[in-house]
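Visitor: sequence first, predicted model second:
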Amino acid sequence: MRAFFVQINCELGKSYGVASAIADAEIASEIFSTAGEFDLLVKFYLKDGEDIGHFIAQKVQTIPGIRDTFTIVTFKAF
């Protein structure tokens with residue numbers, strides 16, 4: 001399994017709704033609200049060989065209330 005993180009910018013006032021929609025979709029491992037440039041930090045896992053870009057485009061960016069995403073691909077956990 002490959003872990004990666006997505007920072008999400010939401011439309012104003014929509015971050016809790018977006019977080020709930022991600023949780024309801026059961027696609028994320030963990031969802032955090034954050035301060036600063038992004039509203040949410042979400043941890044995902046995909047099987048090795050699955051396309052992260054396709055997953056983000058089809059499963060994440062289609063959630064209503066998401067304005068922008070920034071994906072962080074990880075290599076090794078310590």
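Guide: Nice, I can see it. Bear in mind that the values here come from a model prediction, so they are computed numbers and not experimental data.

Visitor: what helix or strand is the residue nearest to residue 38 when sequence neighbours are not counted on?
Guide: Excluding the flanking residues, the one nearest residue 38 by CB to CB, 6 or more residues apart in numbering is residue 7, at 3.9 Å. All C-beta atoms are positioned from the backbone trio N, CA, C, and that covers glycine. Per DSSP states H and E, residue 7 falls inside strand 2-10.

Visitor: who touches that strand?
Guide: Residues outside strand 2-10 that contact it (CB atoms under 8 Å, 6 or more residues apart in numbering): 18, 29, 34, 37-48, 50, 52, 56, 60, 65-74, 77.

Visitor: buried among the residues you listed? Make that a ChimeraX selection.
Guide: Command for ChimeraX that selects the buried part of the contacts of strand 2-10, burial taken from 16 or more other CB atoms under 10 Å:
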select :18,38,39,40,41,42,44,46,56,60,65,66,69
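
Visitor: just the CA coordinates of the strand holding residue 7, formatted as PDB?
Guide: Extracted in PDB, the C-alpha atoms of strand 2-10 (Å, rounded to 0.1, in the frame of the first residue of the first chain):
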ATOM      1  CA  ARG A   2       1.200   3.500  -0.800                       C
ATOM      2  CA  ALA A   3       0.400   6.400   1.500                       C
ATOM      3  CA  PHE A   4       0.000   9.900   0.200                       C
ATOM      4  CA  PHE A   5      -1.500  13.200   1.600                       C
ATOM      5  CA  VAL A   6      -3.700  15.700  -0.100                       C
ATOM      6  CA  GLN A   7      -4.000  19.300   1.200                       C
ATOM      7  CA  ILE A   8      -7.500  20.700   0.300                       C
ATOM      8  CA  ASN A   9      -8.700  24.300  -0.100                       C
ATOM      9  CA  CYS A  10     -12.500  24.500   0.300                       C
END
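
Visitor: just the buried positions in it, please.
Guide: By neighbour count on 16+ other CB under 10 Å, the buried set for strand 2-10 is 4-10.
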